[in-house]
Structure formats: structure tokens, C-alpha cells
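A.B. asks: Could you work out the structure for the sequence below:
(chains A and B)
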Protein chains: 2
Amino acid sequence: MSFAPQSTDAAAIATIRVLAADVVAKSNSGHPGAPMGMAPAAHILFSRFVNANPKNSKWFNRDRFVLSNGHACVLQYTLLHLLGYKLSLDDLKAFRIEVTTGPLGQGFANGVGLAIAQAHLGAVYNKDGFDLINNFTYVFCGDGCLMEGVSSEAASLAGHLQLGNLIVVYDDNNISIDGDTAVAFTEDVGARFVSYGWQVLSVQNGDSDLAAIANAIAEARLEKSKPTIIKLKTTIGFGSKEQGTHGVHGSPLKADDIVALKTKFGFSPEQKFHVPQETYDAYAKVAKRGAAAEASWNELLASYGKKYPTEHAELTRRIAGKLPEHWEKSLPVYKTSDPAQASRKLSEIVLTALTPVIPDLVGGSADLTGSNLTKVKNSVDFQPPSTGLGTYKGTYIRYGVREHAMGAIANGLVAYGGIIPFVATFLNFVSYAAGAVRLSALSKVQVIWVATHDSIGLGEDGPTHQPVETNAHFRAIPNLAFWRPADGNETSAAYAVALKSNQTPSILSLSRQNLPNLEGSTIEHASRGGYVVHEEVDEDLTIVSCGSEVSIAVEAAKKLKEQGIKTRVVSLPCWLVFDQQDQEYRLSVLRSGAPILSLEALSTLGWERYSHEQYGLPSWGASGPYLKVYEKFGITGSNIAVVGKKVVDFYKKKGGEVVSPLIKAFTL
Amino acid sequence: MSFAPQSTDAAAIATIRVLAADVVAKSNSGHPGAPMGMAPAAHILFSRFVNANPKNSKWFNRDRFVLSNGHACVLQYTLLHLLGYKLSLDDLKAFRIEVTTGPLGQGFANGVGLAIAQAHLGAVYNKDGFDLINNFTYVFCGDGCLMEGVSSEAASLAGHLQLGNLIVVYDDNNISIDGDTAVAFTEDVGARFVSYGWQVLSVQNGDSDLAAIANAIAEARLEKSKPTIIKLKTTIGFGSKEQGTHGVHGSPLKADDIVALKTKFGFSPEQKFHVPQETYDAYAKVAKRGAAAEASWNELLASYGKKYPTEHAELTRRIAGKLPEHWEKSLPVYKTSDPAQASRKLSEIVLTALTPVIPDLVGGSADLTGSNLTKVKNSVDFQPPSTGLGTYKGTYIRYGVREHAMGAIANGLVAYGGIIPFVATFLNFVSYAAGAVRLSALSKVQVIWVATHDSIGLGEDGPTHQPVETNAHFRAIPNLAFWRPADGNETSAAYAVALKSNQTPSILSLSRQNLPNLEGSTIEHASRGGYVVHEEVDEDLTIVSCGSEVSIAVEAAKKLKEQGIKTRVVSLPCWLVFDQQDQEYRLSVLRSGAPILSLEALSTLGWERYSHEQYGLPSWGASGPYLKVYEKFGITGSNIAVVGKKVVDFYKKKGGEVVSPLIKAFTL
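C.D. replies: Here you go, the predicted structure:
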């Protein structure tokens, strides 16, 4: 195949530009400028280089494409349509009804994750003569993406990891929403990427020099030990009367401008959403090439299966997104007589048991490995072989102090397929990655956060490291399973549910301090998100809690019993999962008849949903040894017993029936 | 004064190193490595360069010092002690009881904010012969700080802004928590900072080449149009048996190691917390120099006052942290007959009215100026004059797409004094800056976030841009005033309270869509955080809401009235402020006797605190024109009337007294 310009290119590029203008005008909202500016690069990339089969968008070895400047999504939809993906002209006309764009910088880091995934899986499964997994990842991004810290973090790591399979096309159009980038973004982007260890290429005329675009992409593909960024000078809104200005960034072109644009490119001003047959024909050839590529790959995979049946079975299982059989048997199970341990340590025990069984698990920490306890014995670092520190077969990623990129890279890892990423930092610093975490949940991808040091129980590092608002924040994110296990079996349960939930990210919030194994705790119980740890008939009070405070609640219940106050204790490690149980079960756990008091060593916000009264932190935490800090805030068995007594007295005095907070007039 | 090495230096540096080891050993937690490694640089910086008066830590023109690698805080405390600040040896011995360290990267960006503040205030108030405001900002940081995206964002902006008053000393010790930085951080940091437009200097032997350290700092001070980073090669834990390794990063030195260290540096192994008299004497001279500097500055200020009385009065008012008299008279006030407007537009009207009256307001946006409406007419950009785009007198900062740095820079701006920063982005992207926002609240600094596009009401940008969990997140942060005003007077009230709260950051969550002016809304009412918008006697229902949904609640109340259901409407624009009102007032607003239904177009989490039933989003938002999106989720007057009826029926059927959710068994 030749990369050189062809006679059909001009019409195809004009079509993309005109379609972008039409689509945005029809929906009366959107961003025509970047799609019009990047049309040549998109056309060259997709018609010459991208290896993909429009008839099977899930083909595993396809090249990956990420549009990081997601507001330019019209460009992507247009290409998908031309290539024959399931996206009709009518879909384009209905733009905005069901589609969304991406927060800046995320896609860039997602691309790094996709590239890591290819490097890893290729290293694990490719064999001599079987270059099964060798795709490229292409990312389009704009100025905004490169201003965001998340992309800086990801770029530095990508350079360190020598990801030669990653090619970023940077739309260097000098325009962002505030106008010319001269107002805020005057750094030398190329030099910055050289400092990260990237190859930097330039295309001076990205508006029409198709040969230069093709040559740059071809050159990028040849560099095997460095990611490449291509600085593509383009004119935003090329062809519009307002080309090169902010006026064309985020608003539809005016009617007369569209007329002029169409006339300029030889289109009829009257025709809307027009695609010349020669353009469809040209793209049909591209699609055919992709289908052929998949067909030969499928043959290669079949012969691989004959020669390497074990690897083949494992790889196809991973591609299918299924867990190995009987993996759950490896989950650690605890008795109450087992010693108290920190849940971060219990997490390490789970990982030690599961990582040999589930090779899909690819872990890492943002420079807190020894504190997060995420690197299990004998695991190998994912590193470029030249560093001598590991290999691409390695399953442990050293993310550096880059929480936000770590979260976004994990989204890329899981999007690639065949990998279940777990990532780690202190719970408080998962907040640095909030932008990526909400996208995991929105995109329904399975990322597992190992979030240790989960409360004032972390002790000496003090309030800047002690989460307070954090649990309320993450519990309010739809489709995010926020777990705060109380002991060994609950930690195993959290992992079990997180591993089975392949449409849901999970945050496992884990203690630094030791936790005793509770009576009544089992993996099965905890897997329902909430259950009764300590039962009483005709109780006077129920205490609902989670994590390190459950054992304190149990202690308080014992003290209350001595005073004749019968107190149930409920553990509620995961609200999302508990809320998914049937109402009958939920009402058996948090039942009517006696007041319910919640207990957690963070902000009480949100606990009103599961309790009548709430105990927690009134404000920030404090620095000191953890027992002293708990004492300071009254989170001890004896004080909670005092509080519990107050609650019982208050409700007795108040009189009337005490109704479960779960009984509501309506459900959303 | 000579910068050259002196005979007393060696003892002083050894003292700092030994004190660091003693302090961490005594508290049995902390980080001795970086303080021991950076002792020479700290000593040279503080003894030769830093202009500050230990007897008055608030002197306005003092040099600012930020320890961005906050885990090295023992270093800072030791220096403060030696210099004679109010920090005794006993305080050092009690290390960890009341002090906390900083999340990585924040301090670096705070430093950029401090430097911007100096450049701005110097430009505004300095006159020929009156170089009143000319301090430097020094930042110490480590590898971790430079891996974080927030520092990349801040560094790029600092380079663009040509902040010659900013000097960063980078502790290039090649060690982070995961061990050698070779595992994850192999970029060329110097080249990266050159690409940002910084001056990069190197000190190859930061352990003992005191002359090189002094020369580098002196050279940095001479460069007036670029910030400087000094790459200081040091040996972490210098002097320890484990120097140069991760072993000395975050754990106390072993007892025998401390003995060897002290012996090596000529200290008695038996003596703990020993400071040689010659070291105290040397630092006393430094302190004296600082006191003299302040004294002459005070004289300069006094003569400035004679020549420029107006500027003097304004500057001293700003230094004192007082607002100008009668500023509140400029607040816009609305009648119900005034046209409906978006609260982002109402915010622009407030800023237009207030910025001429309160020059302390220094605003900016993360590249969303035209959407946030934060740049008022005729305001000038804060830009280096050489760009031709503005001047340092300008009060509008173009932050670029750098939300996290923007938040952290704002913390630096306000820490400097004399400035009230407001910063802007979409509400959803304030989450990118969560790490900085919680530190504003923890540090009690007055930063005002103008957070527009505050719900599904933003429409077409869709779920990636529509906040859902965001309000629960920010409402759970202690000492953060999260405002969601419903109309013109409430927007004025939000600004009024935010401006008066000089110990509290505020987020003003503002709509993209138009909001009618409510009957019953006044600045006075809304300033209490919550009030009754529509009153009824013997109501059947109260709807509590905020922001754009209050008018929908009013509409629902009207429809319910037609069915004979008397419905009060309460607006609750700020929970923090409402919670600060006396209980009698609060109970008059959210009273017992009838059920309370909450309404907000986001996650309902947390509303259980103020209501019996909650209506909101069940999951993510959707992309489309805003009225269609509201319709889709049932957030319309007619549907809320249906829901309200359900609530009334449910509580009638249930029977018994309906008690206000504010009535509790105890308070935290």
C-alpha cells in the first residue's frame, strides 16, 4: 500500500469538512473548528494507516484510536460513517441526542494505557512467527489536552516506558476557548516532549500537505523505542470565513459561511450531508483492507492455537473478558480466631492469592508501593527491558507520583481488553484522580482502586492526608462501588465482587491499622453490601458502620448490653451493592422498630440515608498516633456506647413508631 | 553582605542534620532523609538570602518560602527555631502533635501564586523611589512534586508569565518512596523547565559545595524575566549509614545510626536536640538583619504615605485584609419583575459592580472566560508587558486549561495577602482541582470559585460535563461554603457572604440557563443560607431546593395548591451557612408538622439531612437541549407536583407526627 496522495483525497477531505459544518449547524451546537482543521490528518490516518475492520469493531488486534480533544467528536463520527461502521447519515443528523464528549487530557492518558496494554499483552503472548498483538494506538489531541496536568503525567510515564507503539497527533492550531494560545500557553511543546523521551515530528502545513502528514505517521511507526508526537500545524475551521479564529471553535458556522464553504470545495450549497460516491468508494476499499487484515489474523490465531494451546486458551479467555474457572476458591477465608490485621495487609494477601490465578490483573501504585502493599512477592515490574528493571511481561506498573494519569491510564488498560487493572494510592489522593474515576464509572469500565490509609486511622500524616469528604464524594458517583471492608472476609468479598463486576469500577478503602476478624462476617454476607454482624431480638438500637469502625461498634454494643440496652450491629461495606439487594433483604438488615445510629470516622454526610442519627467527624482530622486520634474524636467503644444511650433515650422520649429510613414514598 | 562560605556554616548545617534525626526519632515518625539532604541549601538560603523578620512573621514585604515537599517539614521547623520564630526546642520535641504536611505538588503551585501576587501588587503600588513590594518567593521541592500534574501546569504558566521573582530549589536526590526514581521518573527535568521558559541552574554537589549553592541562588535573583529552578544534587539522609537510599526517606534513623551521625559531625552522641551556641549566634545575626530590613521598609512605607496618600491608604487597607467601606452598596438588587437571567450572567453583573470598588479582586478562568463570564468589561489581563497582551497591573489571569494549578495558585495568591482571588471553570471541572480545594478549606483561605454550568441544565455537552456527585463532594468538605443561588438576589448574597468570609473558601455554583427572580428572595434572606421562599400556614408539604430548581419547586407548589395541597417552598443555597444559624431559625425554615421533599437536579446524597424524601438524578445526566433533559428526568413543575402528592399521601397513610429532620438526639 502506498501512503502517497491520491486523486480521491481532496474530495474525501472536503467531504469531512463540509459534513462537520452541516452536522454542527443541524444540531445547533457543537465544535466545527477542530474537525475542519484536522480533516486531512484524519483522512490520511484512517485511509492509509489504521488497521481495523468496520464490520467487527471488537477485533482484538485492531489499531486503537482516541480522540482526546473530544469536543471534535464530529470528526470521529464522520470517519466511522465513511468507513462503514454502524453509524448512518441519519445518526449524524441526530448528533447530540445520545453522544457525549470528553474532558480534556483524559484521552491522551487513556492512549498511554492502551499502548501499555499492547506492549504487555504482546510481550506475554507473541511468539516467533506469531506477532499476534502488535497494533498501534493513535491519539488526536489539541492544545487544551496538553495544558492539563493529567497529560503531562501520562506523557512523562510514556516516555519512561519507551512506548514505541503510541503515536499522538497534536492539533497545533494556536486556538483555545479564550482565543489565541498566546494568552496562556507559550511553552515549547516539542522540547517538552523531547525532555520526556519522546520522538517529536512536525508537519508545517497540516491543512494541505498530505504527503508530509503521511510521511510523519510512517516515520512515527518506525520508531520502536519512543512514543511519537506529531506537531501538526493546522488552521482551525479551515475553509470557513472565520478560519484561524476562536469564532469557529465552538459555535456553528453561519448559514452564508456554509454556503461559501461548500462552493469553495465544489459542493452544491443546497445539498446537506452530501457524500460523493467516490469518497464512499475510496473508504470502501479501506474497509475491505481492514476486513482482510482481520481474516488473516484470525488464521494466525488459529494456527497459534495448534502450536500453543495453553497460551491460546488463556488469551482467548482474556479477550472474551471471562475470569478463569474456580478463581474464587483462591479467596482467603478467615475465622474470628485469626489475628487482627490491617485491611491493606488483607488486600495484599488477596492479591498474593489471586494474581497467580488471574494473570489479567495488572497492578501498580503512585509511588506508595510499600504503603499500599500492592506488589506481591516475585511479581515483576512492567518496564522497558533496556532499563534492566523489569520487562514488558511484568505485571506491576510503577506509576510515579501521578495519581490522575494513573486513573486515566487504567481506563485505557481496561478499554484495550484482556486486562483488569488495579491501581493504588492513599484514599485521600484518589481525589487527585477524581476526573478519571468518574469517567471509569460513566464508561462502565472495571478499574480497581486499592485506596489505603482510609481515615484518621492513618495517624501521623495528619489532616492533609486524612480523608473526610472523600467517602461522600465517591458514594455519590453512579455506578462506582465504594467498599470499606471491616475485616478479612469482607476484604475478600470486596475483591470478589469487584472482580465479578466487569461493568463497574471499585474503590477499596483500606485501613493502615489492624482490624479484628468479626463474628458473623463471611464472604457471602459481605458480598451483599451490608449484613447483620451482631443480631438481637427486640433491639433498642442498631449501629450501622463500616470498615475500621465496625469492631468499635461491636465493642459499644457489648457495653450497652451490660446496661440492658440491646444493640444490633450492621456492617455496610458497600452502599451501591447493598442498594442493589431486594427491599425485603435490605429491610431485614436496617429494620424498623428501633433507632439506627451510623458510625464512620469521616464526614457523616450521606449516612442519613441508612440511619436516624449519625456519628462521625465534625470537621478535619488531626495528626498523631491513631489510637489517640480516635480517642480525640470520641470514636471508641465507650464513647459510642454513651452516644448510643443518648439515642435510645431520645427516641423513647419522642415516642411513636420508629420507621426504617429505607421506607420511602417513592423511588427514583 | 557576602554570600561566601563562613566558618560557622559547617556547624550550623551539621546541627540541622542532627536535629532532623533527633526530632524524627523522638516522635517515632516522620521523614529525616530530605531535611538531612537539603540542610546545606536551607542554611545558605536562610542565612544569606531570605529577607524576613522572625519577630514579625506577617511583615508584608518579607520573602516567601514554601516547602512543597511538605514531608520534609522538620527542616522548616528547625530553621524557624534557629531564626528565633515562636517555635521552641520543646515544640520540636513535640513534633507531630499539631503539625501536618502537604500533598505533593501543591506547594510548587502555591509558590507560583505567591510570585504572581508580588508581581501584581508591585506593579500596582510601587513608584519611582518606592520599591515597596519586591520580595522573592523561594520554593523547595522534590521529585514527587515534579511528577504531579499540578506542578507541570503551574510551571508552564509561571514560564509564560515570566515570573523572575520565583526561585525553586529542586532536591534532585533520585529517591522517592518506591526507591530509585529510575523506576518511573527518567525525564530530563531541566530540559522540561527550559521548554516552559524557565532559567535552569545546576548545583552538582548540594551536600557540601556551599559556594555553588550561594552562587546559584544569587544568579537566580538576577534573572528578572524568567522563573528559575535550581537542580540541586543531594544525598538523601546525608551522614546516615543509609544515606542515598530509600531506607532513610520516611522512617526514623536507628539508634546506632544516630550515634554514628553525631560522632561524625562532632556532636556528643549523648546529647539530644543540641544547638551549639555559635549556631544560635550566627542565626541571631540573620534575624537582626531581618528586623533591620523591616524597620527601613516601614520608614519607606511611611514616606510613601506622605507622597501617595490614596495608594497608601488602599495598600494598607488591603494588607490589613479589610474590605473597602460601603462596598456592599454596590451589590445588585433585583425585583421579581426583572428579567430572568442565568446565574452565571448574574455573577458577571456582580463582578462588574464590585471589581471597580474592590481592587483586591483578582480573577481568572481556566480557558472558559466566555462561558464563565468572569472577565468584566475594560478589565486588563495580567500578562508580562513584553507580550503586548496586558500588564502586571492587570487583574485578569488567563490560567489556560489548568484547573488544578489554578486552584493551588489561588491558594498562593490569598496567602500572600492583599488579594481576594476568584477562579472559574465549569462546576464539573472543579473536581480536577479537588486537591487544591480541600486545602483552601483546611488552610482557611478565601478563594472564590465561579463554577458555571452547574447541572444537567448545561445541556448539550452531556454527562461528561454534567456534575452529579459534585455537590455532595463539596458539601462534605468542612469549612467550604458551597453556594447554589436561585436568582439575582441570591447570587448577590452568595458573593456578599463569600467576600465577608475571610477564613472560608466558597464555590458559587451557577447556571447556564435563565432563572426567574423569586418572590421572597432578598440578599438578607439568602445570606442566612436558607429561608422560606413561599410560605403557607398549616402546610401539607414543604419542598426544599436550591439553584435552578427553586423556581420549578415554586411552580410545583402552585399546581399542588390547585389540588388543595398547601406547599411551602424553601430555598437552601448554602448548607454550611444555614447550619451556622441558630436552631430556632433553622427549625422555622424546615419545621415539623409536614413532610419535606428535596429537589435538586443532581445526586440526592446528603439531602436526607434536610428532608424526608428526595428527588434528583437517579444516575448520570444526558446530552440535549436543557429543557428536554429536565423533562427526561422529571424535573418539571408538573412532575414534581405529582411526586409531591405521592409524598403527602404516603405520610398521611403512615400517620403519626412528622418531625423535622433537623431534630436530632445529639450534635457532633
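A.B. asks: Taking chain A, what residue is nearest to chain B?
C.D. replies: residue A:149 (2.1 Å; Cβ to the nearest Cβ). In short, each C-beta sits where N, CA and C put it, glycine included.
A.B. asks: which residue packs closest to that residue, ignoring adjacent ones?
C.D. replies: In this structure, residue A:149 finds its nearest non-sequential neighbour in residue B:149, 2.1 Å apart by Cβ to Cβ, 6 or more residues apart in numbering or on different chains.
A.B. asks: What of residue A:459?
C.D. replies: Spatially, and ignoring its direct neighbours in sequence, residue A:459 is nearest to residue A:626 (4.0 Å; Cβ to Cβ, 6+ apart).
A.B. asks: now that we're looking at that neighbour, how far away is residue A:341 from it?
C.D. replies: Distance of residue A:626 to residue A:341, computed by Cβ to Cβ, to the nearest Å: 15 Å.
A.B. asks: how about stretch A:354-368 against chain B, any contact?
C.D. replies: Yes - Stretch A:354-368 is in contact with chain B by Cβ under 8 Å from any Cβ of the partner chain, via A:365, A:367-368.
A.B. asks: per the record, what domains does chain A have?
C.D. replies: As recorded under automatic domain parsing, the domains making up chain A are A:9-117+A:134-288, A:327-515, A:527-654.
A.B. asks: could I get those domains as TSV with mean pLDDT and mean neighbour count?
C.D. replies: Shown next, in TSV, are those (pLDDT from 0 to 100; neighbours: other Cβ atoms under 10 Å in any protein chain shown):
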stretch	mean pLDDT	mean neighbour count
domain A:9-117+A:134-288	93	22
domain A:327-515	97	23
domain A:527-654	97	21
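A.B. asks: Residue B:213: which of those is closest?
C.D. replies: Residue B:213 lies closest, by Cβ to Cβ, to one member of these: domain A:9-117+A:134-288, at 24.4 Å.
A.B. asks: how far out from the middle of the chain is that closest one?
C.D. replies: Relative to the centre of its chain, domain A:9-117+A:134-288 is centred 22 Å away, using Cα atoms, centre = their mean, to the nearest Å.
A.B. asks: where exactly do the strands run in the stretch 351-500 of chain A?
C.D. replies: In the stretch 351-500 of chain A, the strands defined using DSSP state E, counting those that start in this stretch lie at A:361-365, A:396-398, A:420-426, A:448-452, A:481-483.
A.B. asks: Relative to residue B:403, which of the ones you listed is closest?
C.D. replies: In terms of Cβ to Cβ, the element of these nearest to residue B:403 is strand A:420-426, at 19.5 Å.
A.B. asks: Pairing partners for the closest one, with directions?
C.D. replies: Its sheet considered, strand A:420-426 pairs with strand A:361-365 (parallel), strand A:448-452 (parallel) by DSSP bridges.
A.B. asks: Contacts for that strand, please.
C.D. replies: Under the criterion Cβ atoms under 8 Å, 6 or more residues apart in numbering or on different chains, residues A:113, A:351, A:358, A:360-366, A:368-369, A:371-372, A:374, A:399, A:403, A:406-407, A:409-410, A:413-414, A:432-433, A:446-453, A:458, A:465, A:499 lie in contact with strand A:420-426.
A.B. asks: next one: stretch A:191-206
C.D. replies: Here stretch A:191-206 makes contact (Cβ under 8 Å, 6+ apart) with A:37-38, A:40-41, A:155-156, A:158-160, A:162, A:171-172, A:190, A:209, A:212-213, A:216, A:219-220, A:223, A:226-234, B:186-192, B:194-196.
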